[in-house]
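A.B. asks: heads up, no residue letters with this:
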């Protein structure tokens with residue numbers, strides 16, 4: 001169960017957050033004003049994540065086991081305003097398979113985007129979810145946390161495979 005909760009904690013991707021009301025498919029008129037237009041590096045980051053899968057591994061602090069495999073599907077990344085973004089992520093858990101916008105913050109360390117989320121509450125799954133990920137080229141690395149349990153995560157960014165149209 002901790003693996004599932006940690007996966008959801010990426011928040012990267014997987015929460016109906018406090019900012020959900022602001023995470024509309026289309027940017028608000030304020031977000032399209034010249035003063036708040038996306039920079040070229042923000043546009044490149046949105047294009048990198050939109051239609052991508054984060055494919056990699058994670059560890060759990062204090063566990064001596066080998067890293068476990070991870071996969072997160074992102075259908076869309078939209079900057080809402082300032083450093084607030086909505087990451088539309090696909091959640092697959094048991095019979096549940098849906099895409100939800102997740103409220104995150106993206107700050108920049110020079111030219112490197114750093115995505116973070118903290119103190120997320122996911123209805124039915126708990127609270128205290130957090131993550132911080134940096135992105136460079138087609139790679140990501142960072143940390144995750146759920147309450148007292150946390151660890152590291154890393155991997156590569158791949159284009160989401162096209163759905164088969166075969167009957």
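C.D. replies: Good, I have the coordinates. Every value quoted in this text rests on a predicted model; they were computed, and no experiment measured them.
A.B. asks: contacts and neighbour counts: CA atoms only from here.
C.D. replies: Noted.
A.B. asks: ok, residue 88 to residue 60 distance?
C.D. replies: Distance, residue 88 to residue 60, using Cα to Cα, to the nearest Å: 25 Å.
A.B. asks: and if you look at residue 128?
C.D. replies: Distance, residue 128 to residue 60, by Cα to Cα: 16 Å.
A.B. asks: so residue 63 belongs to a strand, correct?
C.D. replies: No - going by DSSP: H, G, I helix; E, B strand; the rest coil, the assignment for residue 63 is coil, not a strand.
A.B. asks: residues near it, how many?
C.D. replies: 9 (other Cα atoms under 10 Å).
A.B. asks: what are the phi and psi angles of it?
C.D. replies: With angles defined as degrees, to the nearest 10, residue 63 sits at phi -100, psi 130.
A.B. asks: could you report the pLDDT at it?
C.D. replies: Note for residue 63: predicted pLDDT of 94.
A.B. asks: equivalent analysis for the one 4 residues further on, please.
C.D. replies: At residue 67, the model reports a pLDDT of 96.
A.B. asks: please, which helix or strand holds the nearest residue to residue 99 once chain neighbours are set aside?
C.D. replies: The shortest distance from residue 99 to any residue other than its chain neighbours is 4.2 Å, reached at residue 90 (Cα to Cα, 6 or more residues apart in numbering). Residue 90 is part of strand 84-93, with elements assigned from DSSP states H and E.
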